[in-house]
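Peer 1: Build me a model from this:
(chains A and B)
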Amino acid sequence: MFLNKLLPRHLIHAKSLSTKTITKSTSALFFKPEVQELLLKLTRIDLSKVFRKQKYGQELKPPEYKFLTTEEVEKLKEEAYNRAIKKMQMPPIVPARDDSKLEVLSNDKELLGHDVCKYVFTDITFGISDAKRIIVVREPDGLLREANTNERHRMNNIYFSRPGATYKHPDMFEEENLKALCDRKEYVFILDRAATQYEPDDQLYHNILNTTFTHIHENNGFDHLRSTRHFGCLVFFLANNNIIDNLLLQNLHCNMIEDAVWLIKVYQIVNPESKCATVEHIQGKDTEFVQSYIDLDSSKKDILSHFFPSQFLCQYNGIFLSCG
Amino acid sequence: MLRVVGLARHTLGKEISLCNIPTGLHLVKNFSQHCSEKSNLLLPITLQYAQARNTNFFNRHTAKEIWAGVTGVSNAGKKRGRGRGPGKLTARDLNRGQIIGIGKINIQWPGLSAPVIRGRELVQQTRLPPDPDREAKLIALRDKQFQGKYRKTPPLERGWSGGKLGGRSLGPPDPVGENTFDGFDTRILEYKAVFCMKKNSGRYRTVSTLVVTGNGQGLAGFALGKSVEGRASMRNAKNRAGQKLIYVQRYKDHTVLHDFYTQFGKTKIFVEKKPEGTGLICHRIIQEICKAVGIKDIRAKVEGSTNPQAIVKAFFLGLMQQKSHQQLAEEQQLHLVEFSEENDNYPTIVASPSTCKKDSSKAPDFTEHVMGNRVVLKKKKFLPFYKQIQYNPYWPNSELKLEKVRSHYPTKVNLIAEHGKIANFLTEKYPECQTLQTMPPELKEKKE
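Peer 2: Presented below is the predicted three-dimensional model:
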């Protein structure tokens, strides 16, 4: 009962999803400057949402006031915008650590049965990152090996605990609880907590991301993530799994043709083998660019072409107005 | 002894009655019938005298006098405080429940305890079967008068303290014509007797009541009412307060617009704006005013005199002299910008002037400006005496001793939250090593 809590039970649930695993090459694509730029543009920073009132249980203080000139206010707003861009830094997308191929350092058969439990050795030298810290395990049969992800997490948490990260696997990431949270549209909360709790190369982190992003895609919950640091990751996930159609449809629906172009550009970079990858975007010819994607690669051609391009601006005028 | 005398009297009385009524043949007849067994009564008897004392202590004095002997306290005793407090003796009415004509022996007396004629028949004097519960009923009735009447007031209606009227609610002011004061509530702030000397009547007593009334949504008023009677003075004050309402602006309907300083006479009040959920941290009179106005979060410090009337006037003055954001921006010809920590200090313009200055170097500090350049004295907080090394040189040692147990409690709480009991990774293997409360029943029996 006790140890079960330490070992995540829900490893299974993300396996059932047919999502692509992140490889080294996809991770490299994510870090490409042009992709990062496009993803940031797609995030559409809305300062009122970035600087929304957030209550993390801290003691509230009365607001402070200042008398300022128009110039000073503009300057402060610009600073705030730069801070917002920093806040929008996306959690990295890197391949998951493979626990099946742990490096064996030595195999000392003479130590066989020296004890009934494992011995974990952690290098607690100051100033080493959690990811690079040397942690090794001596098995009871004398095998000396690298520690696996779970052991690393526990050791790092014991010696260098981070605020917000718990030693044990939080219950909210169990399959049924996670689903309930998704149904309540608490996407930002899930993703923030996951980013705090786990290293980005943790398989559990990948599973949580996959489950949440799939739920968002299926329920068209893109607006919940816009203007948060997770929107770029979501777009990258969609492009990587060839499921950008729902987001594209929403963009077209809300008259965000620019976003649609950026989205397809990300798609082209992530999927260089796709049919539309060779189509170049010419300045001022957004509709043609989007049309080419719809014709060549879209799996929801009917619905998308129904919206696009000729009837787009006249027939659905009412919808655009309501979408803002 | 008394009994014997009683018997003697009985016999003597009968003899005398016989002698006094010479033509009382039927009586003799009755008597002889009644005492047929004792026929020797008709024989001449020798008279015996015995002393009978018909007066004694209990029938010479009234009940009041006798009780005074028990419960009374001498003047000297009174000075020492005797005859007061919980052990105080009180007089009891022992005649309570007793009715003339009804006694221990249950007899029906026509004309006294029963009607003379019932229907067409003359009621006879008859002896009824005895009532066994009579004595118990009488005692219960007698004891009942000593259970004091305790009227319980609900806690929320009790006011600030004890049986005093301060803080009690008086309800809304009385309607004026067709205008009613819906949603208003009045609270007593001060209730006292005041006196003056008059030519004819001398020391003349009047009751003075200070109240505040308000609807909790920015509309409030206060007034002083006076009358010879308490109730009338409360009513006067309440209705006068209803006629003197003012509107107070609030920040997001929960606190004051800004910090401010206010003074009336020797009463000085420093008021601080506070975030939601703080509550009212201030003098109880200011609390009541805030409730009437609809202010929920505030901190106020009263310096100088705490005279209730002065506090009320000072605080109302302060509320009325607040400046709105727009007013402040217009005065300085600059934007008023809000920085809130919950919003990560994003600059939000709350008010803009019609024309904005280009230079803000001469602009005042906001807090200083609204406080009228007064600075609140913030006293330095000292460590408790047991932590100061000059008083307790062993304090650092005690800290060290506590170091190893300081996380016990949170750990315990965490374990209970996670597993429902205090357990660790060895609990499954060694179930006997746990507290009796969490142990499985079979193990518990064994251990016991």
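Peer 1: B:T186 bridge partners, please.
Peer 2: B:T213 (DSSP bridges).
Peer 1: I'd assumed B:P172 was in contact with it.
Peer 2: Yes. Counting by Cβ atoms under 8 Å, B:T186 touches B:P172, with 6.8 Å between them. C-beta here means a position set from N, CA and C on the backbone, and glycine is covered the same way.
Peer 1: Tell me which of these two has more neighbours.
Peer 2: Taking neighbours as other Cβ atoms under 10 Å in any protein chain shown, B:T186 and B:P172 compare with B:T186 leading, 27 against 17.
Peer 1: That one and B:K291, how far apart?
Peer 2: Distance, B:T186 to B:K291, using Cβ to Cβ, to the nearest Å: 11 Å.
Peer 1: So for stretch B:129-139, mean pLDDT?
Peer 2: Mean pLDDT, stretch B:129-139: 90.
Peer 1: now for stretch A:21-40, what's the gap between its first and last residues?
Peer 2: End-to-end distance for stretch A:21-40, by Cα to Cα, to the nearest Å: 23 Å.
Peer 1: how about the residue nearest the centre of chain A, what does it touch?
Peer 2: In chain A, the centroid-proximal residue (Cα atoms, centre = their mean) is A:C233; its distance is 3.9 Å. A:C233 sits next to A:M90, A:P91, A:I93, A:L191, A:L209, A:F213 when contact means Cβ atoms under 8 Å, 6 or more residues apart in numbering or on different chains.
Peer 1: Can you verify my assumption that the third one contacts A:V235?
Peer 2: No. A:I93 lies out of contact with A:V235 (Cβ under 8 Å); the separation is 11.0 Å.
Peer 1: who has more neighbours, the two?
Peer 2: Counted by other Cβ under 10 Å, A:I93 and A:V235 do not tie: A:V235 has more neighbours, with 27 against 20.
Peer 1: Pop out the phi and psi values for that one.
Peer 2: phi -60, psi -40 (degrees, to the nearest 10).
Peer 1: my read: it touches A:I264, true?
Peer 2: No. With contacts counted by Cβ under 8 Å, A:V235 stays clear of A:I264, the gap being 11.0 Å.
Peer 1: Need the overlap of contacts for the two.
Peer 2: Common neighbours of A:V235 and A:I264 (Cβ under 8 Å, 6+ apart) are A:I244.
Peer 1: residues near residue 263, how many?
Peer 2: Just so you know, I chose chain A. 23.
Peer 1: other chain: chain B
Peer 2: Counted with other Cβ under 10 Å, the neighbours of B:Q263 add up to 18.
Peer 1: quick one, what contacts the residue of the stretch 51-200 of chain B found nearest chain A?
Peer 2: The minimum distance from the stretch 51-200 of chain B to chain A, using Cβ to the nearest Cβ, falls at B:R187 (26.8 Å). Residues in contact with B:R187, defined by Cβ under 8 Å, 6+ apart, are B:G167, B:R168, B:S169, B:L170, B:V211, B:V212, B:T213, B:E288, B:K291, B:A292.
Peer 1: which residues does the third one bridge with?
Peer 2: What it means is B:S169. Legend: beta-bridge partners of B:S169 under DSSP bridges are B:R187.
Peer 1: what does the model give it for pLDDT?
Peer 2: Looking at B:S169, its pLDDT stands at 95.
Peer 1: do the fifth one as well
Peer 2: Looking at B:V211, its pLDDT stands at 98.
Peer 1: Got the phi and psi for it?
Peer 2: phi -130, psi 160.
Peer 1: With chain A as the reference, measure out to it.
Peer 2: Relative to chain A, B:V211 is positioned 31 Å away (Cβ to the nearest Cβ, to the nearest Å).
Peer 1: In space, what's closest to that residue - neighbours in sequence excluded?
Peer 2: Closest residue to B:V211 apart from its sequence neighbours, by Cβ to Cβ, 6 or more residues apart in numbering or on different chains: B:A237 at 4.4 Å.
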